[in-house]
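# Okay, sequence plus prediction incoming.
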Amino acid sequence: SLSGSRQPLGPGGIFRGRAAHVWTEVGLTDRWTGILSGTVQSLRYHDAGYQSSAVAPGDLEAGLRRGLRVADSGWQVSAQMLLKAPAYSQRVEPRPGNGQADLEGSLLAGRSFPVASRWGFLSLEGGYRKRWGQPADQFRGEAAAGIHWNPRLTLTAQSFAIRRAGALPAVGGGRNPMIEPGFDLYKVQLSAVVRLTRSWSVQSGYGLDVAGRNVGRGRQWVVAAWKTF
C-alpha cells in the first residue's frame, strides 16, 4: 500500500509473470562497452471478478559504459548511461511496462580481494532514472558480494533498491502491480553460478521483495546462461 503495509491486489488477486531476458555487453575499446537488452514476457492476472493474460515483448534498453579507472588491482570504476523504451502496444493487458521512455545514468564500482584461501568480490552501483511520463523519477541502487568457492562455483548475494523521487501518486498502473508510476521497492537475491566451460556458465537464484510502497510484493526464481565471446 501507499503506507508500506501489505494489502491484497484484489479479492483473491494473483499476478504471475515469466520473462525471457537477453542482456548483451560488447567491449568496443579498452574503456568503452556497448549494452543491448530486451525481454519477452508472459503475464497473467486474475481475481474473483477479472482475469487477463498476455504474451508480448517488454522494454528495450541500449546504452554505453565508460571505464574511469581500470587499474590492474584495487577498485574499478565506471560510468554508465542506459536508454529504455517500450516495444509493445499500449493496448496490451496486462501491460509489460509503464509505457514510458527512461534515461538512467549510474556510477559503478567493484573490486576483488582474498578471503582466507579463496577470492571474493564486491560491486556497488548507484544511479538516477529520468522518466518521460507520469511521475516519478527514481533513485536506483544495487550491491553485490560473492565468493569464488572453487574454480567452477561462485556464490553471490545481491540487494536492489528503487526509491521514487517526490511524493507517492495514487495513480493505478493497470493489472501489472510492478509498473505503478511511483513506488519504492527493496529486494534481495541469492544465487549460485556454475562454470561449465571456459565460455559458458549457468546461474540459478531466488529473489524476495522485502519492503516497498505502491508496488506488488512477490518472489522470483532466476535461471540464466552466460556466454563470453
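Good, I have the coordinates. All values reported here derive from a predicted model rather than from experimental measurement.

# ok, the most centrally placed residue in the chain - contacts?
Taking C-alpha atoms, centre = their mean as the criterion, Phe160 is the residue nearest the geometric centre of the chain, at 7.7 Å. Taking C-beta atoms under 8 Å, 6 or more residues apart in numbering as the criterion, Phe160 is in contact with Gly141, Glu142, Leu185, Tyr186, Lys187, Val188, Gln189. In this view, the C-beta of every residue, glycine as well, is placed from N, C-alpha and C.

# Low-confidence bits of the protein, can you list those?
Within the chain, the stretches with pLDDT under 70 are 135, 169-174.

# quick revisit: and the host helix or strand of the residue nearest to the centre of the chain, which residues are buried?
Per DSSP states H and E, Phe160 falls inside strand 153-164. Buried residues in strand 153-164, counted by 16 or more other C-beta atoms under 10 Å: Thr154, Thr156, Gln158, Phe160, Ala161, Ile162, Arg163, Arg164.

# Provide the strand pairings for the strand ranked longest in the chain, with the direction of each partner.
Ordering each strand of the chain by length in residues (DSSP state E) puts strand 51-69 first. Strands that pair with strand 51-69, judged by DSSP bridges, come out as strand 32-46 (antiparallel), strand 76-86 (antiparallel).

# next helix or strand past the last one?
Elements were assigned by DSSP H and E; along the chain past strand 76-86, the next helix or strand is strand 101-115.

# contacting residues around Gly146?
Gly120, Phe121, Thr154, Leu155, Thr156, Ala157 are the contacts of Gly146 under C-beta under 8 Å, 6+ apart.

# Out of those, the closest to Pro8 would be?
Checking the contacts of Gly146 against Pro8 by C-beta to C-beta gives Ala157 as the nearest, at 30.4 Å.

# is it true that the closest one touches Val188?
Yes - with contact defined as C-beta atoms under 8 Å, Ala157 counts as touching Val188 (7.2 Å).

# ok, back up a step: now the strands paired with strand 51-69 as TSV including mean neighbour count and distance to Lys130?
Formatted as TSV, the strands paired with strand 51-69 follow (neighbours: other C-beta atoms under 10 Å; distance: least, C-beta to C-beta, whole Å):
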stretch	mean neighbour count	distance to Lys130
strand 32-46	17	18
strand 76-86	17	10
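
# Of these, which is nearest Thr228?
Taking these one by one with C-beta to C-beta, strand 32-46 is closest: 13.1 Å.

# distance between that closest one and the chain's centre?
10 Å (C-alpha atoms, centre = their mean, to the nearest Å).

# for the strands paired with strand 51-69, which one sits closest to Arg16?
Proximity to Arg16 (C-beta to C-beta) singles out strand 32-46 among those, at 5.1 Å.

# Leu103 and Ala87, how far apart?
For Leu103, the distance to Ala87 equals 16 Å [C-beta to C-beta, to the nearest Å].

# And for Phe229, nearest residue in space, chain neighbours not counted?
Ser199 (6.6 Å; C-beta to C-beta, 6 or more residues apart in numbering).

# so what strands line up beside the strand holding Phe160?
As assigned by DSSP bridges, strand 153-164 forms pairs with strand 138-150 (antiparallel), strand 184-195 (antiparallel).

# Buried residues of stretch 184-203, list them for me.
In stretch 184-203, counting by 16+ other C-beta under 10 Å, buried: Asp184, Leu185, Tyr186, Lys187, Gln189, Ser191, Val193, Arg195, Ser201.

# Distance from it to the middle of the chain?
Taking mean C-alpha positions (C-alpha atoms, centre = their mean), stretch 184-203 and its chain are 13 Å apart.

# Understood, closing this out.
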